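# here is a sequence together with a model predicted from it:
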Amino acid sequence: MRIVLIFLLLLIISCKENKEQNSENFNERKERADKYNLNKKADSSKDNEPFIILDEESKKKIELNKPSIIVIQLDSLEIERVKKIDGEDNFYTAADDMVWYNSKLIEQSDSLNIPIIYSNNDYTEISAPNLTKRIVKDSTFSLFTYFYYDGKNLKREELFNLLKE
């Protein structure tokens, strides 16, 4: 039952993003990018990606050479928005559960010698032999959003699927 409630809460959080928040988020990022004069176009030769406006502080590069778990976390501004949408009590209840399950994942990955790499950056570039992927945070990301690199492919995974493996 607890798993179903967490899933529903995460679904509500990801679906409740509205146009005003999207434009506010875009404007905040654009202002930061203008400030640092770092407006850049993403390499659109791969995946037909749109323009991405970022500053150096919101980027992270991760190089992988063995199976790994990448966890993209919400930053403090994004967490504050979620708290406003869902209410602080609901947020902290769900966050407490997510942190507990995340600790179980840490224990499991330690026993399997699989590193976990955390990032709260808006844009994360993953490089591995024969693989380069870009992860850009969007409204579908929850408190913790997981990606698993199996040595060949990088794939977004649900926490509970990672705990099963």
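Yes, it's here.
# use CA for all of it now, contacts and neighbours both
Will do.
# lowest-confidence helix or strand of this protein?
With mean pLDDT, DSSP states H and E as the measure, the helix or strand of the chain carrying the lowest mean pLDDT is helix 19-36 (a mean of 48).
# name the strands paired with the following helix or strand past it and say parallel or antiparallel.
Scanning the chain past helix 19-36 towards its C-terminal end, the next helix or strand to appear is strand 59-63 (assignment: DSSP states H and E). Taking DSSP bridges as the criterion, strand 59-63 sits next to strand 123-128 (parallel) in its sheet.
# could you give the mean pLDDT of the partner strand?
Taken as a whole, strand 123-128 has an average pLDDT of 90.
# and that strand, C-alpha only, in CSV?
What follows is strand 123-128 as a C-alpha-only set of coordinates in CSV (Å, rounded to 0.1, in the frame of the first residue of the first chain):
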residue,chain,number,x,y,z
TYR,A,123,21.8,19.5,-17.3
THR,A,124,23.9,16.4,-17.0
GLU,A,125,26.0,15.0,-19.7
ILE,A,126,26.9,11.3,-19.4
SER,A,127,30.0,10.0,-21.3
ALA,A,128,31.0,6.4,-21.5
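# need the residues that contact it.
Identification of contacts with strand 123-128 by Cα atoms under 8 Å, 6 or more residues apart in numbering yields 54, 58-65, 132-137.
# which one of those residues sits in the busiest neighbourhood?
Neighbour counts for those were taken using other Cα atoms under 10 Å; the highest belongs to residue 54, which has 24 neighbours.
# and the helix or strand harbouring residue 81, what does it pack onto?
Counting by DSSP H and E, the element that carries residue 81 is helix 76-86. Contact partners of helix 76-86 among helices and strands, from 3 or more Cα pairs under 8 Å, 6 or more residues apart in numbering; DSSP states H and E: helix 2-15, helix 88-111.
# could you tell me the least trusted of those?
Lowest mean pLDDT within the helices and strands packed on helix 76-86: helix 2-15, a mean of 61.
# could you give the number of residues near residue 100?
Counted by other Cα under 10 Å, the residues lying close to residue 100 total 12.
# now do it against residue 79, distance only.
According to Cα to Cα, to the nearest Å, residue 100 stands 18 Å off from residue 79.
# hey, C-alpha coordinates of stretch 87-106 in CSV?
The C-alpha trace of stretch 87-106 is given here as CSV (Å, rounded to 0.1, in the frame of the first residue of the first chain):
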residue,chain,number,x,y,z
GLY,A,87,1.9,21.1,1.0
GLU,A,88,4.8,20.8,3.4
ASP,A,89,3.3,17.9,5.4
ASN,A,90,2.7,15.8,2.3
PHE,A,91,6.1,16.7,0.9
TYR,A,92,8.0,15.7,4.0
THR,A,93,6.0,12.4,4.4
ALA,A,94,6.8,11.4,0.8
ALA,A,95,10.4,12.7,1.0
ASP,A,96,11.0,10.6,4.2
ASP,A,97,9.8,7.5,2.4
MET,A,98,11.9,8.3,-0.7
VAL,A,99,15.0,8.8,1.4
TRP,A,100,14.4,5.4,3.2
TYR,A,101,14.0,3.6,-0.1
ASN,A,102,17.1,5.4,-1.5
SER,A,103,19.1,4.2,1.6
LYS,A,104,18.0,0.6,0.7
LEU,A,105,19.3,1.2,-2.8
ILE,A,106,22.6,2.5,-1.4
